[in-house]
Each structure stands twice: as structure tokens, then as C-alpha cells.
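Undergrad: need the 3D shape of this:
(2 chains)
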Amino acid sequence: QKEVEQNSGPLSVPEGAIASLNCTYSDRGSQSFFWYRQYSGKSPELIMSIYSNGDKEDGRFTAQLNKASQYVSLLIRDSQPSDSATYLCAVYNTDKLIFGTGTRLQVFP
Amino acid sequence: GAVVSQHPSRVICKSGTSVKIECRSLDFQATTMFWYRQFPKKSLMLMATSNEGSKATYEQGVEKDKFLINHASLTLSTLTVTSAHPEDSSFYICSASAGTGNSPLHFGNGTRLTVT
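TA: I've put the predicted structure just below:
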């Protein structure tokens, strides 16, 4: 079982819609969770971090964490074409940040 | 804040030569930096953890004699790809955390290495 799993996509949504990105992880003891956005040919940039169960909102982004289900998600409201990128879920495993394979999001006008 | 600078952004070298990549934390001190490698359409794979003043910790399957890491100061880590081969062609990205514990990592802009 992979440590961090994501659907590779692509996930296609129309402009203005809500994009929902999901991630599961295997280490039940993980405490820190992150979402990164990566444009093609660029390095990842941090979008959200979440450490406790529930929702965390930042602008159009909402991260959701459910430690019992070992599940973390990212919602993007009012999706824009500029949101088209690969979204990487990352989870700390002891002292290493482990990345999922990423979900490619396509927002079409 | 939390800016990580990586240089060069792109390098082309011939097989058998060595390439050095620098990673600097510009506005914070980093006792630990991380080196990742990413192949096209693949996720980031941790290569090694660079520890200031001590030896790097390499992930399983990563040759420490091929990928030399030096972390001589709190703001600089270097990765040297020795005797490069075409299969070493990849996107190398360094990262560091400005906080303690399990703080988020901030990434440099990456180095696109092409070995001909």
C-alpha cells in the first residue's frame, strides 16, 4: 500500500464550479498534512496546511481532515482556468514529508 | 518569508561529468534541507535529508557516492551529481522548513538536469 494515495485524474471541472480533490494516507500516526500546487515544469508551492480534524478555509480553498478515516481533501470554490495544475497531497511520516502522485486538475472556460 | 533559492535552474552536461546544485535559504536558517527528484508526470521522490554539520541521510535506493550532499552552513546545501548518466536526467528540487517540528516545506525553483 502506498503511503499517500491520490487519484491521478485528470479531474475536469467547468469554470466557476467546485473542484474536490481527495487523498488517503496509511500512517495513522501522521499529524501534519499539506496541499501543494504544481504547475508544469515548476516546483510545488504550498496552498494549505491542516493539523486537526475538521475544515480549514483560506480564500477559495478549504482543506478537510478526517484522521479516523485517514482522509484529507481539498475543495476549490469558484474554480478558475488558472487553477489548472497538479495538486499534491503531502503527509509527514516521522520526519519526512511524503507526497502523493498528485491529481491533475483541468478547469475549462 | 521562507524563501528557498536554487541554482542553476537548468543545466545540460555530458555523460561522465559532475554537476553541482546549490540550495539556499534566504531569510531563515535551515538545519535540515531535503532533496527531491521528480521524473516527468511522476511525483516527488525524497532522495536525502541534508543535515547541517553532519552526514546526509539517504533514502533507500539512492546512491550516496553518486549524489553527494554537503550542508556546510545553516543556509546552504549542495547536491553534486557525480559521473552523470542520461538516466540521471530529471528535475531536482530542494526544500527546507522555516519552522520546527512538522512544519510545511518550502521549495526552491528546481533544477532541470539533462545529461547527454
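Undergrad: contacting residues around residue A:70?
TA: Applying CB atoms under 8 Å, 6 or more residues apart in numbering or on different chains to residue A:70 gives the contacts A:24-26, A:28, A:30. To be clear about C-beta, it is placed using only N, CA and C from the backbone, and glycine gets the same treatment.
Undergrad: pick out whichever of those sits closest to chain B.
TA: Checking the contacts of residue A:70 against chain B with CB to the nearest CB, the nearest one is residue A:30 at 8.7 Å.
Undergrad: can you pull the residues of chain A lying near chain B?
TA: A:31-32, A:34, A:41-46, A:49, A:88, A:90, A:92, A:95-102 (CB under 8 Å from any CB of the partner chain).
Undergrad: pLDDT score for the nearest residue to residue A:67 once chain neighbours are set aside?
TA: If the residues on either side of it in the chain are set aside, residue A:67 comes closest to residue A:53, at 5.5 Å by CB to CB, 6 or more residues apart in numbering or on different chains. For residue A:53, the pLDDT comes out at 96.
Undergrad: my guess is residue A:53 meets residue A:71, correct?
TA: No - using CB atoms under 8 Å, residue A:53 makes no contact with residue A:71, being 10.4 Å away.
Undergrad: hey, what's in contact with both of the two?
TA: When contacts are counted by CB under 8 Å, 6+ apart, the set common to residue A:53 and residue A:71 consists of residue A:65.
Undergrad: so which of the two has more stuff around it?
TA: Taking other CB atoms under 10 Å in any protein chain shown, residue A:53 and residue A:71 do not tie; residue A:71 has more neighbours (14 against 11).
Undergrad: distance of the more buried one relative to residue A:50?
TA: 12 Å (CB to CB, to the nearest Å).
Undergrad: excluding chain neighbours, what is closest to the one residue in chain B that gets nearest to chain A?
TA: Nearest to chain A, among the residues of chain B, is residue B:102, at 3.6 Å (CB to the nearest CB). Leaving aside its chain neighbours, residue B:102 sits nearest to residue A:32 (3.6 Å; criterion: CB to CB, 6+ apart).
Undergrad: so what's the residue nearest to the spatial centre of chain B bridging to?
TA: Centroid check for chain B by CA atoms, centre = their mean gives residue B:35 as the closest residue, at 3.5 Å. Residue B:35 has these beta-bridge partners by DSSP bridges: residue B:48, residue B:94.
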